[in-house]
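Novice: got a predicted model here, sequence first, then my questions.
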Amino acid sequence: HANIGTTGRKSNTAGLLSRYGDRLCHVHVSDNKGKSDDHLAIGAGTIDWKRELKTLKTSGYDGTITLETFYGDAELVRYSLTKVREMWASL
């Protein structure tokens with residue numbers, strides 16, 4: 001389990017994904033603003049999702065992705081799903 005960008009310091013998530021991405025079978029994602037695990041819609045926080053997804057994809061990851069947006073707004077979930085699909089397809 002890795003919380004990207006919640007430590008208040010620069011993380012090595014890209015390095016970990018590059019090294020172990022082909023061994024993963026599932027990831028769950030949500031955005032945050034760098035201080036806590038906010039579970040925001042993708043794009044609503046400060047995580048560079050294009051970079052993180054590119055690293056995951058180029059590592060050979062071929063598993064599933066669960067969106068963890070906890071605000072009860074179905075439109076935000078649809079938005080997050082669209083964003084992740086668009087970014088993944090563009091890589």
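Specialist: Done, it's in.
Novice: return the list of helices and strands in contact with the longest helix anywhere in the chain.
Specialist: As far as residue count goes, and with DSSP state H defining each element, the longest helix of the chain is helix 74-90. The elements that helix 74-90 packs onto, with contact taken as 3 or more C-beta pairs under 8 Å, 6 or more residues apart in numbering; DSSP states H and E, are helix 49-58, strand 64-67. All C-beta atoms are positioned from the backbone trio N, CA, C, and that covers glycine.
Novice: against which helices or strands is the longest one packed?
Specialist: Pointing back at helix 49-58 there. Contact analysis of helix 49-58 by 3+ C-beta pairs under 8 Å, 6+ apart lists helix 13-20, helix 74-90 as its packing neighbours.
Novice: in stretch 81-91, what's buried?
Specialist: Buried positions in stretch 81-91, judged by neighbour count with 16 or more other C-beta atoms under 10 Å: 83, 84, 87.
Novice: same check, this time on stretch 32-52
Specialist: Of the residues in stretch 32-52, those buried by neighbour count under the rule 16+ other C-beta under 10 Å are 32, 38, 39, 40, 41, 42, 44, 45, 47, 49, 52.
Novice: where does the residue nearest in space to the middle of the chain land on pLDDT?
Specialist: Closest residue to the average C-alpha location of the chain: residue 29 at 4.1 Å, with C-alpha atoms, centre = their mean. In the predicted model, residue 29 carries a pLDDT score of 89.
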